[in-house]
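> no sequence on hand, only this structure:
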């Protein structure tokens with residue numbers, strides 16, 4: 001449950017606002033002055049602060065400065081009357097998440113609060129990489145495959161720079177986690193991190209959301225508003241699904257990347273901005289360019305650094321690790337013991353196509369756990385969670401061949417890679433050895449016979465692939 005601190009000297013508003021937020025499921029604490037709010041912060045850090053500008057004693061702006069001295073990544077929403085809009089804009093440029101004009105529209109305020117809480121979680125929740133499931137403390141990027149090792153290397157090399165990054169991969173492959181990892185390991189990690197989904201926001205609102213607007217820019221624009229680009233001053237903006245950005249906005253985005261400046265909607269003032277742009281898409285931008293649906297000049301500005309995320313079909317060897325991670329995580333969230341997964345069910349997880357990638361795998365395991373009765377997840381549990389039956393979990397040989405070819409084409413399309421053939425063969429070899437050992441219950445002699453090799457050769461393969469398999473028969 002998220003905790004929200006309200007700092008406002010208006011007793012009636014504070015009490016009614018507290019009641020509203022509690023009805024929405026939030027834990028709420030309140031303070032009638034900046035000094036009281038600061039004291040509460042020193043005792044316990046909430047997830048969000050909603051702060052009025054005009055306060056007795058120290059004003060809202062000074063209160064905000066002290067809040068960020070205590071916890072810089074704590075999101076703060078400023079509340080203001082019409083007469084103090086410029087003060088609120090100043091606070092926003094200093095790092096406030098947003099500002100809201102009193103009296104505020106309740107649904108809009110609740111939406112802003114939800115966005116601020118999500119932004120705070122993104123900034124403060126660590127994204128672990130390449131660690132064992134039992135060592136993970138939050139969300140994580142999981143995988144030991146060679147494709148994922150390349151992703152880790154890219155994050156390590158790029159995060160310390162200020163370069164624009166384009167993350168490409170299928171839907172559900174983990175692009176947002178990579179963006180957050182880049183932010184958290186960057187020189188801007190103590191500044192804001194804002195996420196804009198170019199699909200979720202209607203085209204008519206996306207421009208004002210990104211760049212803000214001037215008073216009178218359109219009907220209902222009763223005051224100046226700062227956009228997300230300005231709000232993230234000194235920090236990072238993640239543009240998710242940029243392949244769906246309208247063409248008209250692409251020109252403004254190109255100007256931002258070229259000149260590091262923007263203009264608010266309805267304004268003529270050129271405003272310098274200091275933000276790092278990370279973008280992501282599951283669309284084929286090259287095809288969109290040929291169709292005239294994406295600007296080629298913007299494409300080259302975005303792809304200063306490109307990070308390709310493999311689909312789950314391209315790294316099936318990582319599925320047991322991912323399954324272990326999600327089983328541990330969801331069991332903890334549900335307050336139940338981790339029941340584990342049967343060998344047959346795990347084999348089906350590995351052989352399934354997963355068009356929705358990691359997101360689909362996670363949803364399947366979470367659903368299976370919710371309806372599980374304590375026994376290890378079986379084929380039937382997985383089938384029911386995917387809305388099908390057991391036979392639908394099996395890939396035909398042709399479909400399996402198609403998946404292998406797709407994976408290989410994806411690797412080859414990335415250009416020359418050192419030892420690519422040997423790495424692919426090692427990948428297939430490690431999967432075959434692991435499956436042979438699983439099918440034989442860990443009996444190395446039987447597994448060696450299945451694989452058509454001697455027992456010493458099998459031992460050498462186990463050592464080479466660093467397979468950690470519990471065996472009941474040596």
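Looks like it came in fine. Fair warning: this is a prediction, and the values are worked out from it, not measured in the lab.

> going by C-alpha atoms from here, please, whenever you check contacts or count neighbours.
Fine.

> in this structure, what secondary structure element scores lowest on mean pLDDT?
Scoring the helices and strands of the chain by mean pLDDT, DSSP states H and E places helix 397-412 at the bottom, with a mean of 66.

> can you list the buried residues in the helix or strand following that one?
Where DSSP states H and E defines the elements, the next helix or strand beyond helix 397-412 is helix 420-439. Residues 426, 427, 430, 431, 433, 434, 435, 436, 437, 438 are the ones in helix 420-439 that count as buried (16 or more other CA atoms under 10 Å).

> got it, and stretch 115-125?
For stretch 115-125, a neighbour-count test (16+ other CA under 10 Å) marks 115, 116, 117, 118, 119, 120, 121, 122, 123, 124 as buried.

> the most centrally placed residue in the chain: helix or strand, and which one exactly?
Centroid-nearest residue in the chain: residue 176, 3.0 Å away (criterion: CA atoms, centre = their mean). Residue 176 belongs to helix 175-184 when assigned by DSSP H and E.

> likewise residue 79?
strand 76-80.

> quick one, domains of this structure?
3-124, 128-308, 312-393 (automatic domain parsing).

> please enumerate the helices of the stretch 301-450 of the chain.
319-334, 343-351, 357-371, 379-385, 397-412, 420-439, 444-451 (DSSP state H, counting those that start in this stretch).

> distance of the closest residue to residue 116 other than its chain neighbours from residue 65?
Among residues not flanking residue 116 along the chain, residue 75 sits closest, at 6.1 Å (CA to CA, 6 or more residues apart in numbering). As judged by CA to CA, to the nearest Å, residue 75 and residue 65 stand 12 Å apart.

> those two: which is more packed in?
Between residue 75 and residue 65, residue 75 has the larger neighbour count (other CA atoms under 10 Å), namely 28 against 15.

> wait, that one sits on residue 117?
Yes. Using CA atoms under 8 Å, residue 75 is in contact with residue 117, at 7.3 Å.

> list residues touching both of those two?
Contact criterion CA atoms under 8 Å, 6 or more residues apart in numbering; residues shared by residue 75 and residue 117: 47, 48.

> circling back to that earlier point, strand partners (parallel or antiparallel) of the strand holding residue 79?
Here strand 76-80 has these sheet partners by DSSP bridges: strand 48-52 (parallel), strand 98-101 (parallel).

> pull the contacting residues for the residue of the chain most remote from its centre.
Relative to the centre of the chain, the most outlying C-alpha is that of residue 454, 45.7 Å out, by CA atoms, centre = their mean. In this structure, residue 454 makes contact with residue 448, judged by CA under 8 Å, 6+ apart.

> quick check on it: phi, psi?
Dihedral pair for residue 454: phi -80, psi 160, per degrees, to the nearest 10.

> in the stretch 301-450 of the chain, where is pLDDT below threshold?
Within the stretch 301-450 of the chain, the stretches with pLDDT under 70 are 388-403, 406.

> do I have it right that residue 193 meets residue 238?
Yes. Counting by CA under 8 Å, residue 193 does reach residue 238; the two are 7.4 Å apart.

> who's more crowded, the two?
residue 193 (29 against 22).

> burial measure for the nearest residue to the more buried one once chain neighbours are set aside, as a count.
Spatially, and ignoring its direct neighbours in sequence, residue 193 is nearest to residue 236 (4.9 Å; CA to CA, 6+ apart). Using other CA under 10 Å, residue 236 has 27 neighbouring residues.

> residue 236 contacts residue 188, doesn't it?
Yes. Using CA under 8 Å, residue 236 is in contact with residue 188, at 7.1 Å.

> distance from the chain centre to the strand holding residue 79, please.
Remark: strand 76-80 is offset 26 Å from the chain centroid, using CA atoms, centre = their mean, to the nearest Å.

> which SSE is immediately downstream of that strand?
As assigned by DSSP H and E, the chain's next helix or strand after strand 76-80 is helix 85-93.

> mind listing what's buried in that next one?
For helix 85-93, the neighbour count (16+ other CA under 10 Å) marks 85, 87, 88, 89, 91, 92, 93 as buried.

> and if you look at stretch 239-247?
Judged by neighbour count using 16+ other CA under 10 Å, the buried positions of stretch 239-247 are 239, 240, 241, 242, 243, 244, 245, 246.

> doesn't the first one lie inside a helix?
This points to residue 239. No. Counting by DSSP: H, G, I helix; E, B strand; the rest coil, residue 239 falls outside a helix, being strand.

> excluding covalently adjacent residues, which one is nearest to it?
residue 279 (4.6 Å).

> checking my notes, the one you found in a strand, right?
Yes. The assignment for residue 279 is a strand, going by three-state DSSP.
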